[in-house]
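# predicted structure and sequence below. I'll ask about it afterward.
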Amino acid sequence: MSVFNVPIDIEVFEEPFSQSDLEARYAKLNLVHGSVGAVVTFLGQVRASGDKTDVTGLVLEHYPGMTERVLLQHIETASTRWPLLGVVLVHRVGEMVLGENIVGVIVASAHRQAAFDAVQYLMDFLKHDAPFWKQEVTEKGADWVEQKQTDVEQARKW
């Protein structure tokens, strides 16, 4: 798939993924040798503290089809703002345990600042605008997590 002649790979799935899985997806973009000057990778993982301090895992839900469209829209916007050469964006849904990867983003550009900014932009909008619903799981049960004001404020800066 490509947007504005920028090759992209987007997927939302329930299976665990590793950094090497993410890098293999990036390799399949087949970017022109010598055109890329910067590749920025971000991996987000399940951590033990969120709204609660004793988190043992997460459950993420989404609307299939809608989620991928929203992710594509944000990659399209990023591609108009920065000279991107390739984007990989994968996101987990379902049940996850501590330490598992939730989200992976790789952005390639000719210049580092564009790659860094595009990754930050995509992550800010994932936290603010993507149709994911999160529950934090503890030994006492699971509670839905409300959107944080700090995430809203981060997205406003763009």
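Okay, I see it. Numbers count the residues shown, from 1 in each chain.
# switch to C-alpha atoms for all contacts and neighbour counts from now on
Noted.
# next one: the residue nearest the centre of the chain from residue 92, what distance?
Relative to the mean C-alpha position of the chain, the nearest C-alpha, by CA atoms, centre = their mean, is the one of residue 103, at 4.4 Å. Distance, residue 103 to residue 92, using CA to CA, to the nearest Å: 6 Å.
# if we can go back for a sec, pretty sure the residue nearest to the centre of the chain sits against residue 96.
No: between residue 103 and residue 96 no contact is recorded; they are 11.6 Å apart, counting by CA atoms under 8 Å.
# just the helices from this protein, written as ranges.
Counting by DSSP state H, residue ranges of the helices within the chain are 19-27, 66-81, 112-129, 149-156.
# now the longest one against helix 66-81, angle please.
So that's helix 112-129. Going by axes from the mean of the first three to the mean of the last three CA atoms, to 10 degrees, helix 112-129 is angled at 150 degrees with respect to helix 66-81.
# residues contacting helix 112-129, please?
Applying CA atoms under 8 Å, 6 or more residues apart in numbering, the set of residues contacting helix 112-129 from outside is 37-42, 70-71, 74-75, 78, 82-84, 105-109, 147, 151-152, 154-155, 158.
# just give me how far that helix sits from the chain centre.
Counting by CA atoms, centre = their mean, to the nearest Å, helix 112-129 is centred 9 Å from the centre of its parent chain.
# could I have it exported to CSV, CA atoms only?
Coordinates of each C-alpha in helix 112-129 appear next as CSV, following Å, rounded to 0.1, in the frame of the first residue of the first chain:
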residue,chain,number,x,y,z
ARG,A,112,16.3,12.9,11.0
GLN,A,113,14.1,15.7,12.2
ALA,A,114,11.3,14.8,9.8
ALA,A,115,11.4,11.1,10.9
PHE,A,116,11.4,12.1,14.7
ASP,A,117,8.6,14.6,14.2
ALA,A,118,6.4,12.2,12.2
VAL,A,119,6.8,9.4,14.8
GLN,A,120,5.9,11.8,17.6
TYR,A,121,2.9,13.1,15.7
LEU,A,122,1.7,9.6,14.9
MET,A,123,2.0,8.5,18.5
ASP,A,124,0.3,11.6,19.8
PHE,A,125,-2.7,11.0,17.6
LEU,A,126,-2.8,7.3,18.4
LYS,A,127,-3.2,8.2,22.0
HIS,A,128,-5.7,11.0,21.2
ASP,A,129,-7.7,10.0,18.2
